[in-house]
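> need a 3D model of the sequence below.
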Amino acid sequence: MPPVLFSQQDTVNFGEGTQSTAKPEAFINAVNSNDNSHLVTIPPGQHILSDMLISSPIISGEDGAPPGFAAGGGFEFGMDPTLDPYLAQALRISFEEERAHQEAAARAAGGGGAKV
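Okay, here's the model as predicted:
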């Protein structure tokens, strides 16, 4: 008996509406194994494709978090800084500014210094 091969197939059907989903649905049903394949149908209209996909299991994954953000992964701010170094730097700067703001507010209130 040959080994069973599992594959994952994510398909985006956009601009066609619901009338043309039969073939993509049949394809996903044929290759789906343990719910690891997904079909996302984006209806025609004024949509930004990336906005529609970001909340789908194709981008967000099964846990609802985009890759690099899932469960923190042990990274600062819960994201892998190599995926978006500019975002990581912006988060770091924002965090430092907020910490300085809280410490200044604590000093002004006579608390000495707040620990974050």
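
> and the helices in this structure?
Assigned by DSSP state H, the chain shows helices spanning 22-31, 49-54, 57-60, 85-108.

> so which bits of the longest one are buried?
In terms of neighbour count (16 or more other CB atoms under 10 Å), helix 85-108 has its buried residues at 88, 91, 103. (Each C-beta comes from the backbone N, C-alpha and C, glycine too.)

> number of nearby residues for the closest residue to the first one other than its chain neighbours?
Read that as residue 88. Using CB to CB, 6 or more residues apart in numbering and skipping the chain neighbours, the partner closest in space to residue 88 is residue 81 (3.5 Å). By the criterion of other CB atoms under 10 Å, residue 81 has 16 neighbours.

> go ahead and confirm residue 81 touches residue 90.
No - here residue 81 does not reach residue 90: they are 10.8 Å apart, not a contact under CB atoms under 8 Å.

> in this protein, where is pLDDT below threshold?
Residue ranges of the chain with pLDDT under 70: 1-6, 16-19, 61-78, 111-116.

> repeat that for 90
Low-confidence segments of the chain, defined by pLDDT under 90: 1-96, 98-99, 109-116.

> what bridges to residue 12?
residue 40 (DSSP bridges).
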